[in-house]
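Enquirer: Below is the structure, and that's it, no one-letter string:
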Ligand code: NIG
Ligand code: FE
């Protein structure tokens, strides 16, 4: 039976841009938006839900997270406050390697329970779709363990979860000084096995002087192409290696971080339709000073998504709305652009552009009705909990459900 959601305004993000409908009506049926427009023109419907004058947006999409991991790195945060750099910590066996040790030691149940609590924070904020990466296992059994946890989160919680294999995140201790050997293992054994088990939706890598070279990343991308999997890339975070252009060459869904990217990279991404995922939490937490080249991104019509990059080393945040605020203050996005960055463009960064990310007929009925004065309030508040109602697949969630 169709349901008419009424007494609301909508920021629809329809047709690829920010747009609003005041006094809107939304008709959903079987989890899909059947109709959206001015309430006065809405088709008649027996079942009606009053949205109390709230502002409706698409459900928020966090398109780059590392939510599954063991341990915690607050000790390294303290070290960095004393002046030790992220690269120095990594070189002395800390950093990603630190989390790899803790993740390998954790059981699947322990990883599930800690990730579920973190994910619940995002859900309570209005996130209805999230991407989660592996990359703290770095061997077949441990990457499989992470990906199984990621799949289970999607199966058991009322949130859509995309799983990305980030086995090429760092060189594990077993392959010390043998990055080529590790990449061979990832391409010949690890990725084919995990893909055949149906655990992988996309493949990511860390292209950086303290991780993998563009040539090594290219081997991973070629493997992904053979396996029929889309790619994404951590690129140009700490140095400029041309990773963003490489990602564009492989029609990557997204290139992420990008502080050190060049105008040529932006041109390549714009031409390829590769989304730029900006991660202001990591920029802030690492006390970076080099800004992503915002003008070049705009000039080349690169779609800009925003995400938490939630991870224990460089962005321990569980608030996507805080990222919206930070993207406005630090990267000079407008609140409208920030909203598009956590809906429309985030959906595209996950290959979900045709089904998610905007309020349009035929799209999945995931939306949030916010008790706010205007949409800009979502980026205005520095995080915090705003009153809201969350609708997923056409059904209203109660907070107990989101908190499970
Ligand atoms: O997205 N850049 C690489 N990976 C993560 C950090 C991982 C970590 O330090 O644990 C990131 O920033
Ligand atoms: Fe990341």
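Expert: Yes, it's here. Not measured: the values here are computed from a predicted model. Ligands and ions are numbered 1, 2, ... in the order given.
Enquirer: Write out the residues of this structure neighbouring ligand 1.
Expert: Proximity of the chain to ligand 1 (CB under 6 Å from any ligand atom) is limited to residues 95-96, 99, 206, 234, 237, 282, 309, 311-315. Any C-beta I mention is one placed from the backbone N, CA and C, and that applies to glycine too.
Enquirer: so which of those would you say is closest to residue 252?
Expert: Using CB to CB, residue 234 comes nearest to residue 252 of the residues of the chain next to ligand 1, at 11.0 Å.
Enquirer: would JSON lines of the residues of the chain next to ligand 1 with secondary structure be doable?
Expert: Formatted as JSON lines, the residues of the chain next to ligand 1 follow (DSSP: H, G, I helix; E, B strand; the rest coil):
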{"residue": "95", "secondary structure": "coil"}
{"residue": "96", "secondary structure": "helix"}
{"residue": "99", "secondary structure": "helix"}
{"residue": "206", "secondary structure": "strand"}
{"residue": "234", "secondary structure": "strand"}
{"residue": "237", "secondary structure": "coil"}
{"residue": "282", "secondary structure": "helix"}
{"residue": "309", "secondary structure": "coil"}
{"residue": "311", "secondary structure": "strand"}
{"residue": "312", "secondary structure": "coil"}
{"residue": "313", "secondary structure": "coil"}
{"residue": "314", "secondary structure": "coil"}
{"residue": "315", "secondary structure": "strand"}
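Enquirer: Going by distance to ligand 1, which of those residues wins?
Expert: residue 313 (2.4 Å; CB to the nearest ligand atom).
Enquirer: now the helices: where do they sit in the stretch 51-200 of the chain?
Expert: In the stretch 51-200 of the chain, the helices defined using DSSP state H, counting those that start in this stretch lie at 74-81, 86-91, 96-105, 108-124, 140-156, 179-185, 191-196.
Enquirer: quick check: mean pLDDT across the last one?
Expert: Read that as helix 191-196. The average pLDDT for helix 191-196 rounds to 98.
Enquirer: For it, give me every contacting residue.
Expert: The contact list for helix 191-196, computed with CB atoms under 8 Å, 6 or more residues apart in numbering, reads 140, 143-144, 147, 165, 167, 200, 203, 220, 223-224, 227, 229.
Enquirer: One more: the third one?
Expert: If you take CB under 8 Å, 6+ apart as the criterion, helix 96-105 is touched by 68-71, 73, 76, 90, 111, 135-139, 142, 146, 169-170, 172-173, 311-313.
Enquirer: can you pull the contacts of the residue nearest to residue 374 when sequence neighbours are not counted?
Expert: Nearest non-adjacent residue to residue 374, counting by CB to CB, 6 or more residues apart in numbering: residue 55, 7.0 Å away. For residue 55, the contact set (CB under 8 Å, 6+ apart) comprises 8, 9, 10, 11, 369, 370, 372, 374, 375.
Enquirer: Quick one: residues contacting the last one.
Expert: Looking back up the chat, that one is residue 375. 11, 20, 55, 57, 335, 336, 339.
Enquirer: Thought residue 218 was touching residue 246, still the case?
Expert: Yes - between residue 246 and residue 218 there is a contact under CB atoms under 8 Å: 6.5 Å.
Enquirer: what about the two, which has more around it?
Expert: residue 246 (23 against 17; other CB atoms under 10 Å).
Enquirer: Against which helices or strands is the helix or strand where the more buried one lies packed?
Expert: Using DSSP states H and E, residue 246 maps to helix 243-249. In terms of contacts (3 or more CB pairs under 8 Å, 6 or more residues apart in numbering; DSSP states H and E), helix 243-249 is packed against helix 214-227, strand 232-235, strand 254-257, helix 263-272.
Enquirer: and residue 33, which of the ones you listed is closest to it?
Expert: strand 254-257 (24.9 Å).
Enquirer: tell me the SS of residue 301?
Expert: Secondary structure assignment for residue 301 (three-state DSSP): coil.
Enquirer: Tell me who's in contact with it.
Expert: The neighbours of residue 301, taking CB under 8 Å, 6+ apart as the test, are residue 270.
Enquirer: Next one: it from residue 274, what distance?
Expert: 12 Å (CB to CB, to the nearest Å).
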